[in-house]
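A.B. asks: With the input below, show me the fold.
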Amino acid sequence: MLVRILSGAVLMAILIPSLFLSATPVFDILITVACVMACYEMLNCLGFKKVWKISLPSFLIAAFIPLCVRQVIDVGVGMAELILLVFIVYLFILLSIAVFSHGKYSIQDVSSVFVLIFYIVFGFMAILSVRNISVDDKGKYLYLLIFISAWVTDTGAYFTGVLFGKHKLIPDVSPKKTVEGAIGGLFFCVASFVIFGLIMKHFYGYTPNYIILCVLGLVLAVVSMCGDLVASLVKRQYNIKDYSKLIPGHGGIMDRFDSLIATASVLSVVLNLPFILQNIL
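C.D. replies: Below you'll find the predicted structure:
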């Protein structure tokens, strides 16, 4: 427990200051590095880390897409079209590998790689995409909801579960999570979004829509827990405890960012709805 607390404190000491650099390329580089490392851990979990025909294009995509988000937005290129094109090419590369492997790699193998790498890369890209929303300069505040929802939900669920947890949530996927903990995570996430709105109003002059914030907090809390459970399910199916031992007591990048990439993905899509973006703040 002490190792977990100390390494968690070190991790937060690195992550929180990096948020103050979110307007600079330094933040883009940090997110890109995390994305590549998460893909490395996932490929290692799937057993394809040393299969260069699969791992190399996966690493290239993991590095290229997050790193080019700000540049693509700045020059006005359609980001959705570029991402679609890159992933279509990546999909055809993986399918071609399966076709010409003479049965060594199945469609199921390459499909698992594609789905999970897409999920990771899109999630990390979404963090930068939300940060770079230029409408009324809202992006520099709204991207914080990604971290707030993931961290507060996880922390709230943990302590609520420890104090009041009696009923297991999904024991065959994550035996320690409880229904009571999940309810606590939902409550604290919604409360944190309301507090976020109050801060935006009193310190930055925005006019938050608290109904939207509460609904969004509820949705992202559920998404955060689902992201955690999905990562746990993959680990269970491949019989590993942690994705790596990079962070003592916590596991790897995927073990710490599983909820973040889920909430980032959903928030980036939701904020593409004009009504939400225009009225949330």
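A.B. asks: next structured bit after the strand or helix carrying residue 180?
C.D. replies: Here residue 180, judged by DSSP states H and E, is contained in helix 179-204. Using DSSP H and E, the helix or strand that directly follows helix 179-204 along the chain is helix 210-237.
A.B. asks: And the helix or strand that that following helix is followed by, what does it pack against?
C.D. replies: Later in the chain than helix 210-237, the nearest helix or strand by DSSP H and E is helix 253-270. Counting contacts by 3 or more CB pairs under 8 Å, 6 or more residues apart in numbering; DSSP states H and E, helix 253-270 packs against helix 25-46, helix 107-131, helix 144-164, helix 210-237. Using the backbone N, CA and C atoms, a C-beta is placed for each residue, glycine as well.
A.B. asks: Switch those helices over to a markdown table; also include mean pLDDT, mean neighbour count and distance to residue 279.
C.D. replies: Shown next, in a markdown table, are the helices and strands packed on helix 253-270 (pLDDT from 0 to 100; neighbours: other CB atoms under 10 Å; distance: least, CB to CB, whole Å):
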| stretch | mean pLDDT | mean neighbour count | distance to residue 279 |
| --- | --- | --- | --- |
| helix 25-46 | 93 | 21 | 27 |
| helix 107-131 | 94 | 21 | 16 |
| helix 144-164 | 91 | 21 | 15 |
| helix 210-237 | 94 | 20 | 6 |
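A.B. asks: Let me know the pLDDT of the residue of the chain positioned farthest from its centre.
C.D. replies: Going by CA atoms, centre = their mean, the residue of the chain most distant from its centre is residue 102, 35.3 Å out. pLDDT recorded at residue 102 is 86.
A.B. asks: Pretty sure it sits in a helix.
C.D. replies: No: checked against DSSP: H, G, I helix; E, B strand; the rest coil, residue 102 lies outside a helix; its state is coil.
A.B. asks: Now for the nearest residue in space to residue 139 that is not next to it in sequence, how many residues are close by?
C.D. replies: Nearest residue to residue 139 in three dimensions, chain neighbours excluded: residue 133, at 3.2 Å (CB to CB, 6 or more residues apart in numbering). By the criterion of other CB atoms under 10 Å, residue 133 has 19 neighbours.
A.B. asks: quick one, what contacts residue 133?
C.D. replies: 139, 142-143, 271, 277 (CB atoms under 8 Å, 6 or more residues apart in numbering).
A.B. asks: swap in residue 140?
C.D. replies: Counting by CB under 8 Å, 6+ apart, residue 140 has contacts 22-23, 131.
A.B. asks: Now tabulate those residues in JSON lines and tack on distance to residue 92.
C.D. replies: Below are the contacts of residue 140 laid out as JSON lines (distance: CB to CB, whole Å):
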{"residue": "22", "distance to residue 92": "34"}
{"residue": "23", "distance to residue 92": "36"}
{"residue": "131", "distance to residue 92": "31"}
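A.B. asks: Run a quick neighbour tally on residue 274.
C.D. replies: By other CB under 10 Å, neighbour count at residue 274 equals 9.
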